[in-house]
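Novice: give the three-dimensional model of this entry:
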Amino acid sequence: MTPRKKYSKEFKLDAVSLVTDQGYPRTEAARSLDINAGSLGKGAAGR
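Specialist: Alright, predicted model coming up:
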């Protein structure tokens with residue numbers, strides 16, 4: 001099993017900003033950042 005990736009708070013905020021502020025679909029933003037769309041969705045859901 002591979003270890004979990006750890007992302008900085010700044011990276012997380014920038015990733016959520018792609019969806020909430022810039023209007024990217026979650027799947028497209030996640031793909032461009034090489035992360036799971038579900039993980040991005042959790043952060044963007046409350047915004």
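
Novice: can you pull the buried residues of the top helix by length along the chain?
Specialist: The longest helix of the chain (DSSP state H) is helix 9-20. Neighbour-count burial for helix 9-20, with 16 or more other Cβ atoms under 10 Å as criterion, is recorded at 15, 16, 18, 19. Heads up, the C-betas are built off the backbone N, CA and C, glycines and all.

Novice: how many neighbouring residues does the nearest residue to the third one once chain neighbours are set aside have?
Specialist: Read it as residue 18. Closest residue in space to residue 18, ignoring its immediate chain neighbours: residue 29 at 4.1 Å, by Cβ to Cβ, 6 or more residues apart in numbering. For residue 29, the neighbour count with other Cβ atoms under 10 Å is 23.

Novice: helix or strand: which one has residue 29?
Specialist: Taking DSSP states H and E as the criterion, residue 29 maps to helix 26-33.

Novice: what lies in contact with that helix?
Specialist: 15, 18, 19, 24, 36, 37, 39, 40, 41, 44 (Cβ atoms under 8 Å, 6 or more residues apart in numbering).

Novice: next one: it to chain centre, how far?
Specialist: Counting by Cα atoms, centre = their mean, to the nearest Å, helix 26-33 is centred 7 Å from the centre of its parent chain.

Novice: appreciated, that's everything.
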